[in-house]
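Chemist: Structure, please.
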Amino acid sequence: MRRIILIILAVLVLLGIAAYQYRFALLAFMVTPSGAFDAAKLPPAPDYSRPESWLALPERQDSADEVPAGAVPGDNQGRAPADVFYVHPTTYVDPAGWNAPWDDPDAAELAAELTQASVFNGCCRVFAPYYRQATLATFMEESRADGRAALEVAYGDVERAFRQYLAARADDRPFILAGHSQGALLLQRLLARVVAPDPALRARLVAAYAVGYPLPLDQFDGVLAPLGPCKASGMTGCVLTWSSVLRGGDAGFYQRRAEIWNPASATGFSPVAGRPILCVNPISFRMDDIQIPREANRGGTVHSMISDGPEPLTRGLVDAQCLDGILRISEPEPFVFRAILLPGKDYHIYDYALFWQDIRLDAIARVNAYVAARAPAPVPAQMP
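Modeler: Here you go, the predicted structure:
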């Protein structure tokens, strides 16, 4: 009996080791839909004229109104001179389909808990649509064809939501575009298809925070040529992004395996595949390779499972340096900022969370610069 027990324990240990070693392959298997993408099985599209199709609206109390203790300023949506149109990242991991129902309760709850949209309530009214997001399996190499089709659906929803915002809500106000991960990829396409070709919309763009997805610099010689990267804080009409990976960690997805939208390609997408990519340091907000010490980090926050709101701001979390298009960071001491990492010590989940107050103040600075640049000139004194 003792031998049998020892054998069973040994088998359990080996199974545990194997499960840990192949945990991401197991995750891929668990979240990948069993069948191919089928447009006939898509969930119904959201109606963006209806308030329930939006994760956040400025006139409604929602998660975008939250401000963590220690952060400044407070929620200024009631008097903000600009808007933000925010597209949340992938929060749907169900293998039931390639696209989420826009009102899937679990995905919606996670999107609300990310504390990303609330970054911008100090400068802007917050508009954030739900959409039929592509499932997590979309970004796995084994699922390219189905994932591309799913992203087409997701993008269609986001563009319709943005056009609804412009037609019914915007009142010609300046706006920020913001997103993360899948949301950032969709924003890249929105910028190229809708904003960059339209001089009137370009003139109203304060900045685009397309964070957590690689953006090759050669896009600014092509579909994003009318815009340009943000090279310093206070610069407007520009695009910024970063992807946070621990110093020494593996950034292969961002530098090699990721695909971006490409209208000239037969598939509609093209690989990053070693192309130089944009990285703006979210502490200094400069496009350079200077290492910024953790003491300059003005603080981050995550959702609290205890209070069901944002944790108080924690300052000095990480140092940060852009190297080869990747934001290389030190390890944050609080465990809540490293509890969920992607393969290769990838801090993707915390791209906004680690720099919450830095992003907040940067967005305010850009809005202030935009407004100041367009303020009417004083009337000169009349000569006697």
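
Chemist: Next, the most centrally placed residue in the chain: phi, psi?
Modeler: Centroid check for the chain by CA atoms, centre = their mean gives residue 180 as the closest residue, at 0.8 Å. Backbone torsions of residue 180, given as degrees, to the nearest 10, read phi -150, psi 140.

Chemist: Next: the one 3 residues further on.
Modeler: According to degrees, to the nearest 10, the main-chain angles of residue 183 amount to phi -60, psi -40.

Chemist: So it sits against residue 85, correct?
Modeler: No - Residue 183 is not in contact with residue 85 according to CB atoms under 8 Å; the separation is 10.4 Å. Using the backbone N, CA and C atoms, a C-beta is placed for each residue, glycine as well.

Chemist: now the closest residue to residue 62 other than its chain neighbours, which residues is it bridged with?
Modeler: Nearest-residue entry for residue 62: residue 56, 4.9 Å, with adjacent residues in sequence omitted and distances by CB to CB, 6 or more residues apart in numbering. Here residue 56 sits in beta bridges with residue 128, going by DSSP bridges.

Chemist: Was I right to think residue 56 contacts residue 128?
Modeler: Yes - with contact defined as CB under 8 Å, residue 56 and residue 128 form a contacting pair (3.9 Å).

Chemist: Quick check: neighbours shared by the two?
Modeler: Contact criterion CB atoms under 8 Å, 6 or more residues apart in numbering; residues bridging residue 56 and residue 128 by contacting each: 64, 86, 117.

Chemist: need those residues in JSON lines with distance to residue 195, can you?
Modeler: Listed next are the shared contacts of residue 56 and residue 128 as JSON lines, based on distance: CB to CB, whole Å:
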{"residue": "64", "distance to residue 195": "22"}
{"residue": "86", "distance to residue 195": "15"}
{"residue": "117", "distance to residue 195": "19"}
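
Chemist: Just the ones of those in strands?
Modeler: Of the shared contacts of residue 56 and residue 128, the ones assigned to strands by DSSP state E are residue 86.

Chemist: Pull out the buried positions in the longest helix that the chain contains.
Modeler: For the chain, the helix with the greatest residue count under DSSP state H is helix 144-168. For helix 144-168, burial by neighbour count (16 or more other CB atoms under 10 Å) applies to 146-155, 157-162, 164-166.

Chemist: And that helix, what does it pack against?
Modeler: strand 82-87, strand 124-129, helix 182-190, strand 259-261 (3 or more CB pairs under 8 Å, 6 or more residues apart in numbering; DSSP states H and E).

Chemist: What sits closest to residue 141 if chain neighbours are left out?
Modeler: residue 257 (6.3 Å).

Chemist: next one: residue 88
Modeler: Using CB to CB, 6+ apart, the closest residue to residue 88 is residue 111 (4.2 Å).

Chemist: Where does the one you found sit, in terms of helix or strand?
Modeler: Using DSSP states H and E, residue 111 sits within helix 105-113.

Chemist: Need the contact partners of that helix.
Modeler: Contacts for helix 105-113 (CB under 8 Å, 6+ apart): 55, 62-63, 88-89, 91-92, 94, 100, 130, 133, 303.

Chemist: run the last query once more with 7 Å
Modeler: Applying CB atoms under 7 Å, 6 or more residues apart in numbering, the contact partners of helix 105-113 are 55, 63, 88, 91-92, 100, 130, 303.
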